[in-house]
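In: Sequence and computational prediction follow.
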Amino acid sequence: DGKPLVAWCAGLIRQPKWGHLRDLHKAIKQAEPALVSGDPTVQRIGNYEKAYVFKSSTGACAAFLSNYHTSAAARVVYNGRRYDLPAWSISILPDCKTAVFNTATVKEPSLPAKMNPAGGLAWQSYSEDTNALDSSAFTKDGLVEQLSMTWDKSDYLWYTTYVNIDSSEQFLKSGQWPQLTINSAGHSVQVFVNGQSFGTV
């Protein structure tokens, strides 16, 4: 688990997210002439469905067909044509006719990339300090994207927060201890109480 493996893996395209965002960008670029012309007109095309239509003075037209129902797909008619909209999705029609992208439809494969063994590599491992606040530490409100922040200089991006509990807190008097709940897709959490390690998940 050394740097050569990490650097090589970071070069892989992360499907299906990469391809889905690439296709979204392409659809937006196709619709650009109409999008930059002004505000859309909004047409109701069903109970939960709307069409946001952008038109330019030069004749460019782009439509965004939305289905706001969270669990049911819908078949709608817009400009005399039928469109199937998955639940909670938006279809992009850069020419007001052809749906080229839908936010709920992922076309890229989500299977892991096939890895073939490569010979002649020398591997080494090392320990990396995971909780030091050094000169590269920074303060920021909100979350950041790990790869764009670390650029393979570290395998870790740590978020640190502090909760100071006043001695007058009611739970200290009642003996009912607070519960720490962390909802995260992250890999690990380390909790310290009064500077002492309390647990790791």
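Out: Alright, I've got the coordinates.

In: neighbours of residue 191, just the number please.
Out: Applying other Cβ atoms under 10 Å, we find 12 residues neighbouring residue 191. For every residue, glycine as well, the C-beta is placed using N, CA and C.

In: Is it correct that it is in contact with residue 180?
Out: Yes - counting by Cβ atoms under 8 Å, residue 191 touches residue 180, with 6.6 Å between them.

In: domain parsing for this protein?
Out: 5-102, 131-200 (the TED database).

In: And the ones you listed: which comes nearest residue 124?
Out: Checking these against residue 124 by Cβ to Cβ gives domain 5-102 as the closest, at 10.4 Å.

In: Using CSV, write out the CA atom coordinates for the top helix by length along the chain.
Out: In the chain, taking DSSP state H as the definition, the longest helix is helix 17-35. Taking Å, rounded to 0.1, in the frame of the first residue of the first chain, the C-alpha atoms of helix 17-35 are listed here in CSV:
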residue,chain,number,x,y,z
LYS,A,17,-19.8,9.6,-12.0
TRP,A,18,-17.2,10.9,-14.5
GLY,A,19,-19.2,9.8,-17.5
HIS,A,20,-22.5,11.0,-16.2
LEU,A,21,-21.1,14.5,-15.5
ARG,A,22,-19.3,14.5,-18.9
ASP,A,23,-22.6,13.8,-20.6
LEU,A,24,-24.4,16.4,-18.5
HIS,A,25,-21.8,19.0,-19.5
LYS,A,26,-22.2,18.1,-23.2
ALA,A,27,-26.0,18.5,-23.0
ILE,A,28,-25.7,21.9,-21.3
LYS,A,29,-23.2,23.0,-23.9
GLN,A,30,-25.6,21.9,-26.7
ALA,A,31,-28.4,24.0,-25.0
GLU,A,32,-26.1,27.0,-24.4
PRO,A,33,-27.4,29.3,-27.2
ALA,A,34,-30.9,29.2,-25.8
LEU,A,35,-29.9,29.1,-22.1
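
In: Residues contacting it, please?
Out: Helix 17-35 has contacts (Cβ atoms under 8 Å, 6 or more residues apart in numbering) with 13, 54-56, 58, 60-62, 92-95, 100-101, 103, 106-108.

In: Provide the strand pairings for the helix or strand just after that helix, with the direction of each partner.
Out: Per DSSP states H and E, helix 17-35 leads on to strand 41-44 as the next helix or strand towards the C-terminus. If you go by DSSP bridges, strand 41-44 pairs up with strand 49-55 (antiparallel).

In: thinking again about what came up before, of the contacts of helix 17-35, just the buried ones, PyMOL syntax please.
Out: Listed next is the PyMOL selection for buried residues among the contacts of helix 17-35, using 16 or more other Cβ atoms under 10 Å:
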select buried, resi 54+55+60+61+62+92+93+94+101+103
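
In: can you tell me which of the contacts of helix 17-35 are in strands?
Out: 54, 55, 61, 62, 92, 93, 101 (DSSP state E).

In: before we move on, back to that, so how far is the longest helix of the chain from its chain's centroid?
Out: Mean C-alpha position of helix 17-35 versus that of the full chain (Cα atoms, centre = their mean, to the nearest Å) differs by 16 Å.
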